[in-house]
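A.B. asks: would you be able to build a 3D model of this:
(one chain, ligands or ions: 1)
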Amino acid sequence: AVSFLLITGCDQRGPDGEQVDPKEKIVIKFSHVVAEDTPKGQAARRFARLVQQRTGGRVEVQVFPNSTLYKDGEEMDALQQGAVQMIAPTTSKLSCLAPQWQLLDLPYLFENKEQVYQALDGEIGKKLFATLEPHNIHPLAFWDNGFKHMTNSKRPLVHPRDFAGLTFRVMINSRVLEEQFRCLGARATGLPFSDVYSTLAARQVDGQENTMSNIYSQRFYEVQPYLTVSNHGYMGYVVLTNAAFWRSLPPDIRKIIEETMTEVTLWEREQAASLNEKNFKQIESSGKVKIHTLTPPERIEWQAAFTPLYRQFKPVIGNELVEAVLRMKN
Ligand code: LMR
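C.D. replies: Numbers count the residues shown, from 1 in each chain. Reported below is the predicted structural model:
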């Protein structure tokens, strides 16, 4: 099934969505790019186990972690063409389908997780979901990871000026993330997640931004001696299924999947918080990394450096969406 896939872009074809035979076993291939011992990896496995139990084995969810089946830049096409039935990319990676998703990449958009959930579980989440309708994609849930932090191999990053001349890996498809680094006087290059460790280890880029669970599980901290706890941007996931496949499922199966997804989503949020905390302690105690936590005045300096991004991207993301978040915070 791999050979007909396009490697980049977001193709809009999919299967016809013919009704599944009520006795036929249903296989859901769930492909993702992170390690198993991460919030997304653990939630995917839990979802698979519960759905299998609750459908009496009628639905089998096969989870493929760590880009073993498809990597960034491939998994969206694989989903749209029906080669897999579920994926859970970061929201940033959906910007290739609809630019509105870059909203969530704006640095310091959210102060804390409560604000994130208020936005995603409310009208803002609904508006973002609606952008996927024309793309043969049916969204099922927002999963959490956490706030991103900066790592690099060159020097401590305390003030915006410390970024001058450095090159950073960013997630694919998001112009906001590329421009974020330009605001700091650095350069950015979009790379698939599966290539990040080797690129950092070979010193082809100087740094990257990620959550503690990804920095730990991908061993970035072993090749990035400087970590700034900056909490500068949110990284979350959207669990997606192929819309034609979804319509083809019997209503009772759809109901079990939806209910299980709601339950696993709550569990996943707790898991994300505790794993990120645990992984931070493990990075700290490895002794391999010099850690700096931004002080409140330093955070204000970083926020000021990012201000032009809001002006630049409001017309791209949509004034209404950006304002809706800003209003929600006041
Ligand atoms: C990354 O590409 O840095 C992350 O999005 C990977 C992930 O899915 O958490």
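
A.B. asks: which residues in the stretch 101-250 of the chain form strands?
C.D. replies: Assigned by DSSP state E, counting those that start in this stretch, the stretch 101-250 of the chain shows strands spanning 137-152, 167-170, 187-190, 207-210, 226-242.

A.B. asks: make JSON lines out of those and add distance to the ligand and mean pLDDT.
C.D. replies: Glycine gets a C-beta too; all of them are placed from N, C-alpha and C. Listed next are the strands of the stretch 101-250 of the chain as JSON lines, based on distance: least, CB to the nearest ligand atom, whole Å; pLDDT from 0 to 100:
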{"stretch": "strand 137-152", "distance to the ligand": "6", "mean pLDDT": "98"}
{"stretch": "strand 167-170", "distance to the ligand": "8", "mean pLDDT": "98"}
{"stretch": "strand 187-190", "distance to the ligand": "9", "mean pLDDT": "97"}
{"stretch": "strand 207-210", "distance to the ligand": "5", "mean pLDDT": "98"}
{"stretch": "strand 226-242", "distance to the ligand": "6", "mean pLDDT": "98"}
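
A.B. asks: now, of the ones you listed, which is deepest in the fold?
C.D. replies: strand 207-210 (a mean of 26; mean count of other CB atoms under 10 Å).

A.B. asks: ok, T265 to A44 distance?
C.D. replies: 12 Å (CB to CB, to the nearest Å).

A.B. asks: again with L294
C.D. replies: Note on L294: its distance to A44, by CB to CB, is 32 Å.

A.B. asks: assumed S67 was part of a strand.
C.D. replies: No - counting by DSSP: H, G, I helix; E, B strand; the rest coil, S67 is not part of a strand but coil.

A.B. asks: how many neighbouring residues does it have?
C.D. replies: Residues lying near S67 (other CB atoms under 10 Å) number 18.

A.B. asks: which residues touch the residue nearest to it when sequence neighbours are not counted?
C.D. replies: The shortest distance from S67 to any non-neighbouring residue, by CB to CB, 6 or more residues apart in numbering, is to S194 (4.0 Å). Taking CB atoms under 8 Å, 6 or more residues apart in numbering, we find S194 in contact with 33, 66-67, 71-72.

A.B. asks: dihedrals phi and psi, the residue nearest the centre of the chain?
C.D. replies: Most central in the chain under CA atoms, centre = their mean is T90, positioned 1.7 Å from the mean C-alpha point. Note on T90: backbone dihedrals following degrees, to the nearest 10 are phi -70, psi 150.

A.B. asks: against V33, how distant is it?
C.D. replies: 9 Å.

A.B. asks: tell me which of the contacts of S194 is nearest to the ligand?
C.D. replies: V33 (5.0 Å; CB to the nearest ligand atom).

A.B. asks: Three-state assignment for that closest one, please.
C.D. replies: Applying three-state DSSP: V33 is coil.

A.B. asks: ok, the nearest residue to Y117 once chain neighbours are set aside to E111 distance?
C.D. replies: Take Y117 and drop its neighbours on the chain: the residue closest to it by CB to CB, 6+ apart is R269, 7.6 Å away. Distance from R269 to E111, counting by CB to CB: 17 Å.

A.B. asks: who has more neighbours, these two?
C.D. replies: Shown here are R269 and E111; by other CB under 10 Å, R269 has more neighbours (20 against 11).

A.B. asks: what does the pLDDT read for that one?
C.D. replies: R269 is assigned 97 on the pLDDT scale.

A.B. asks: can you show me the helices along the stretch 151-300 of the chain?
C.D. replies: Remark: helices assigned in the stretch 151-300 of the chain by DSSP state H, counting those that start in this stretch are 175-183, 196-201, 212-217, 243-248, 251-286, 296-317.

A.B. asks: the third one close to the ligand?
C.D. replies: Looking back up the chat, that one is helix 212-217. Yes - against the ligand, helix 212-217 shows contacts by CB under 6 Å from any ligand atom at N214.

A.B. asks: just checking, what packs against that helix?
C.D. replies: In terms of contacts (3 or more CB pairs under 8 Å, 6 or more residues apart in numbering; DSSP states H and E), helix 212-217 is packed against strand 137-152, helix 251-286.

A.B. asks: E301: which of the ones you listed is closest?
C.D. replies: Among those, strand 137-152 comes nearest to E301, with 13.7 Å by CB to CB.

A.B. asks: elements contacting whatever helix or strand D77 lives in?
C.D. replies: Using DSSP states H and E, D77 maps to helix 75-80. In this structure, helix 75-80 packs against strand 26-31, strand 86-87, strand 226-242, with contacts taken as 3+ CB pairs under 8 Å, 6+ apart.
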